[in-house]
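Q: Here's a sequence, model it:
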Amino acid sequence: MSQESMPKDTVILHQTGRAKHTPALSPFAIKLETYLRMTNIPYKTVHGKKKSSKGKIPWIEYNSQAVADTTFIIEYLNKERDVDLSKELTDEQKAVGKAFQRMVEENLYWTLVYGRWIDKDLSASFRDNLPRGFMMDISMWRNKGQVQKTLQSHGIGRHSRDEIYDIAENDIRALSSFLGDKQFFFGDEGTEIDASIFGLMAVFAYEMQDSPQQKLIQGDCKNLLEYCERIKEKYWPDWNNCIMGDGPINAFPAVPENDPTVLRPAKEAAKKGAPANDTKATVDGEQDEQAKEADAPADGVVNGDAGAEEGAEKIEANAEEDKSEVKAEAANGESAKVDETADEKVEDKPEETATENAAEEPKESAEATEEKKDEKVEEEAEKAEDAPAPTPEEKSEKPEEKPEATGESDTVNDAEPKQDESQPQENGDAQPDEKAEEEAAK
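A: Residues are numbered from 1 along each chain as shown. Model (predicted):
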C-alpha cells in the first residue's frame, strides 16, 4: 500500500500476526497495542515480515515517519500526540515503574524465550502457533541453536532449568506483591507500565500452557490473572476477534478474517463486508464515537517488538522466509526439469546410452563367436578337400548324412547365418557326387 493511501494521523502498526490465545506471540506487540488502546490513538495493523531499519518487529509508521522499538515508539507518540499516561504519577512512582519495566523486559522475558525454544516440555505449545510442515520443522530445529547462543550471551542460558524457573518465580512474586489488591499498578487507571507488564503476563497466563509461570499466575499469584482479565475487559473488548483460537494455524503471519484492526484496501474490505479504511480519520472524539458504535477500539491493532526479543521473534519471521526460499528453489527445479525434457528430445538420455552400451557387449561377443566358428568351418573344408574320394562301394554302404540345424555350438549351421534352402551349401556341406566329379577331374 502506497504512502499516499495510508490513513492520515493514524498509526500503522507492523507486526507478525496473531497467536492462538493472545493477539500476538510477542509480549512487546501486545504491550504496544495495549498502549495505543489506552491512549485512544487511532491505529491499523499490517501483518507481515517486513522489518524496520533496525531489523526489528514490531515497528510503526506515522504520517510517513517510521519508528522502531516499543520504548522509543511510545516516547515518540507521547510527543506527537501530546499524551502521557504517567503524568499523574510522582517521580518516585515513575522510578519504581521503570525498574519493574526493566525487570519484566530484560530479565523475566528471557525465561519465556527459554521455555519456548529450549524446554522440551513447553516448546510444543509454541510450535502449535506456527504452520505445520517439514520445512518449518527444519527452520525451528536450525534456529534453536541460534536462540541458545543468544541466551548464553544474555547470561540466563548459563543456568540450569530449575534455576531459570526460580528466577521467573521470584520476579512474578515481586509483581504480585506490589500489585496487591489494586486495580492497576499505580491506582485505578492504567499507565505505560501496565501496558508493559500486561504484555508478558498475558502470554504467560493464556499462551504458555502448563508452564511454571502459568501455574504460578493461576495459583499463588492469582491477582495477576485477575489483573489481566481487567485489562482485557477494559481495553480489549474485541479480544476474541484478535486471536486465532484453538484451530490449526495454516499461514504465517496468521490473521483472523474478522480482525477489526487490520488495514485493508477498499476493494478487499468491500469483499469481506468490512468498512474501507477512512483516509481522513480524525483523533479521539470522532474516532471514539465510531469505536463505541462498533464495540471496538478506535482504529486498529499492533504486534510485538523485537527489541529484547530480537533473538526469538526475529527467528519466527525468518522461518517463513526460509520456507519461501525453498519453494522458490523447488520452482526453479521444476523449470529445469522442463528444459531437460526438451533437451532429451534431441540428445540421448544418459540412462538409455548406458543401456545401449550394455547391450552392445553381448552383441560383440556373439560376433567374435561367429568368427571362431567361421575359422572352424574353413578348417573342416580343408580337411574334406585333402581326404581321398570315397569309392562307389563306400557310397552304397554309407547312408547320406545331412547336417542338422540343432543350434549346437560345434555345428556349421549354428555358426553361420541361415541361408536360402534353394541354394547349395558351402564348404563341407557339398553333395558327395559333386566332390567325386571334382576329384576325377583333378
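
Q: use CA for all of it now, contacts and neighbours both
A: Will do.

Q: how about Pro212, what does it touch?
A: Tyr165, Glu169 (CA atoms under 8 Å, 6 or more residues apart in numbering).

Q: how close does it sit to Arg158?
A: 19 Å (CA to CA, to the nearest Å).

Q: can you check Phe198 too?
A: Taking CA to CA, one finds Phe198 at 27 Å from Arg158.

Q: neighbour count winner among the two?
A: Between Phe198 and Arg158, counted using other CA atoms under 10 Å, Phe198 has the larger neighbour count: 26 against 13.

Q: In this structure that one contacts Ala29, no?
A: No. Phe198 lies out of contact with Ala29 (CA atoms under 8 Å); the separation is 10.9 Å.

Q: Tell me how far Leu36 lies from His154.
A: In terms of CA to CA, Leu36 sits 30 Å off from His154.

Q: Same drill for those two, tell me which one is more crowded.
A: Leu36 (25 against 13).

Q: which residues touch that one?
A: Pro42, Tyr43.

Q: Tell me the buried residues in the helix or strand containing it?
A: Per DSSP states H and E: Leu36 is located in helix 27-39. Residues of helix 27-39 classed as buried: 27-39 (neighbour count, 16 or more other CA atoms under 10 Å).

Q: Tell me which two in these are the farthest apart.
A: Pro27 and Thr39 (18.4 Å; CA to CA).

Q: does Ile217 count as helix, strand or coil?
A: The three-state label given to Ile217 by DSSP: H, G, I helix; E, B strand; the rest coil is helix.

Q: pretty sure it is touching Tyr206, no?
A: No. Between Ile217 and Tyr206 there is no contact under CA under 8 Å: 10.2 Å.

Q: higher neighbour count, the two?
A: Ile217 (22 against 15).

Q: What is the host helix or strand of Asp171 packed up against?
A: In the assignment (DSSP H and E), Asp171 maps to helix 161-179. Using 3 or more CA pairs under 8 Å, 6 or more residues apart in numbering; DSSP states H and E, the elements in contact with helix 161-179 are helix 109-117, helix 212-218, helix 222-235.

Q: Tell me which helix or strand comes right after the helix holding Leu36.
A: strand 43-47.

Q: Can I get that following strand in PDB, CA atoms only?
A: Presented in PDB, the C-alpha positions along strand 43-47 are these (Å, rounded to 0.1, in the frame of the first residue of the first chain):
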ATOM      1  CA  TYR A  43      -4.200   2.700  14.500                       C
ATOM      2  CA  LYS A  44      -4.300   0.000  12.000                       C
ATOM      3  CA  THR A  45      -2.300  -3.200  11.800                       C
ATOM      4  CA  VAL A  46      -0.300  -4.600   8.900                       C
ATOM      5  CA  HIS A  47       0.700  -8.300   9.400                       C
END
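
Q: need the next SSE after that strand, C-terminal direction.
A: That would be, after strand 43-47 and using DSSP H and E, strand 59-62.

Q: And that next one, what does it pack against?
A: By 3+ CA pairs under 8 Å, 6+ apart, strand 59-62 packs against strand 11-15, strand 65-68, helix 70-81.
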